[in-house]
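# sequence and predicted structure, then a few things I'm wondering about:
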Amino acid sequence: IAKVWAEGTLEARREDGRPMATLTTDGKGHPTLVALQGLAPAVDARGRFAQAVVRVRGVEHLAGIEVRFSSDGMHSGWFSLPVLLYGDREYNFVQQDTWAPITLSFGAAVATGKPDRGRIDSVGTMVTDDGQGKVEVDLAGIALVDAPKQGVVSFTFDDGYKEHVAAARMLAERDWTGTFYVIPQLVGTHPAYLTEADVAEIGKLGFDVAAHDDPPLTQVPPAEL
C-alpha cells in the first residue's frame with residue numbers, strides 16, 4: 001500500500017503481530033489517499049460488499065472517511081464508498097481509538113468516471129480532517145464479501161408512541177418482524193407513549209424492544225443497564 005497523493009503521511013506498522021498501515025492527515029483539511037494498486041488478476045466485485053477494519057485517533061477532527069475501488073489504478077475512475085458520520089459523534093460507528101469492522105454496500109457508492117466493478121485492480125482509503133487537527137487511521141484490512149442472496153426490509157419504530165402497539169399486532173398477524181425503539185424515561189408518562197404493559201405485550205408478540213436514548217446504551221454502565 002502506498003500514498004497516491006502528496007498530502008499526509010503513511011507508515012507500515014505491526015501491533016500484537018497484526019500488520020497495519022497508519023495514514024495521518026496533515027491537519028489542514030486536505031484529503032489523504034492511500035491505495036494498493038496493480039492487483040493481478042483483477043478482482044470481480046459484482047454481487048459483493050466491501051469490508052474494512054479501521055481504528056481512528058483524533059476522531060473529533062474526522063470530516064470524512066471512504067473506501068475506494070478502481071479499475072484503472074485510481075487514475076480516472078473509481079467507486080467511493082463513504083462511512084457514514086453523524087453530527088452527534090456518540091452515534092457514529094467509528095469511535096475514538098477503537099477497532100471497527102465496517103461493511104459497505106456498493107449500492108451507496110458514488111462513481112467517478114467509468115469504473116468497471118467486474119475488474120477491480122486497486123483498492124484504497126481516503127481520509128479528510130476538518131482543518132483543525134490531524135487524524136490518524138489504522139487500516140488493518142479491506143476485503144470483499146458475498147452480498148446476501150436476497151434483500152432485506154427492516155421495520156423499525158422510534159420513540160415508543162402509543163400507536164406502535166397496534167403496529168406490532170398488525171405485524172404479528174402477518175408473521176412479519178420489527179424492532180421497537182422506546183425512550184425508556186418516557187414510557188408510561190403521557191397518553192401519547194407506550195405503557196409498561198404495552199412494551200411487555202410487544203415483547204410477548206416476539207419483537208425486539210430496544211432503546212432510542214441519549215446517552216446511547218453503549219455508554220451506560222453495565223450495572224445501571
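That came through fine. Numbering: from 1, shown residues only.
# leaving out chain neighbours, which residue sits closest to residue 58?
By the measure of Cβ to Cβ, 6 or more residues apart in numbering, the closest residue to residue 58 outside its immediate chain neighbours is residue 135, 4.3 Å from it. From N, CA and C alone the C-beta is placed, and that goes for glycine too.
# swap in residue 212?
Spatial nearest neighbour of residue 212, chain neighbours left out: residue 181 (3.7 Å); criterion: Cβ to Cβ, 6+ apart.
# next one, pLDDT for that neighbour please.
On pLDDT, residue 181 comes in at 95.
# tell me what it is bridged to.
Beta-bridge partners recorded for residue 181 (DSSP bridges): residue 158, residue 210.
# can you pull the contacts of residue 39?
By Cβ atoms under 8 Å, 6 or more residues apart in numbering, residue 39 lies in contact with 120, 121, 122, 123.
# just the buried residues of those.
Buried members of the contacts of residue 39, scored by 16 or more other Cβ atoms under 10 Å, are 120, 121, 122, 123.
# most widely separated two among the residues you listed?
121 and 123 (8.7 Å; Cβ to Cβ).
# which residue of the protein lies farthest from its centroid?
residue 191 (35.9 Å; Cα atoms, centre = their mean).
# that one and residue 23: what is the separation?
In this view, residue 191 and residue 23 are 53 Å apart by Cβ to Cβ, to the nearest Å.
# same check on residue 87?
Distance, residue 87 to residue 23, by Cβ to Cβ: 24 Å.
# sorry, back to before: show me whatever sits in contact with both of residue 121 and residue 123.
In contact with both residue 121 and residue 123: 39, 70, using Cβ under 8 Å, 6+ apart.
# quick one on the thing from earlier: next one: the nearest residue to the residue farthest from the centre of the chain once chain neighbours are set aside relative to residue 39, how far apart?
Closest residue to residue 191 apart from its sequence neighbours, by Cβ to Cβ, 6+ apart: residue 162 at 6.7 Å. Distance of residue 162 to residue 39, given as Cβ to Cβ: 55 Å.
# one more: residue 153?
For residue 153, the distance to residue 39 equals 35 Å [Cβ to Cβ].
# what segments of this structure are helices?
Using DSSP state H, the helices found in the chain span residues 164-173, 196-204.
# residue 62: which of the ones you listed is closest?
Closest of those to residue 62 is helix 164-173, at 34.9 Å (criterion: Cβ to Cβ).
# what's that closest one packed up against?
With contacts taken as 3 or more Cβ pairs under 8 Å, 6 or more residues apart in numbering; DSSP states H and E, helix 164-173 sits against strand 155-159, strand 178-182, helix 196-204.
# in JSON lines: the ones you listed, plus distance to residue 72 and mean neighbour count.
Putting the helices and strands packed on helix 164-173 into JSON lines (distance: least, Cβ to Cβ, whole Å; neighbours: other Cβ atoms under 10 Å) gives the following:
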{"stretch": "strand 155-159", "distance to residue 72": "40", "mean neighbour count": "15"}
{"stretch": "strand 178-182", "distance to residue 72": "42", "mean neighbour count": "20"}
{"stretch": "helix 196-204", "distance to residue 72": "52", "mean neighbour count": "15"}
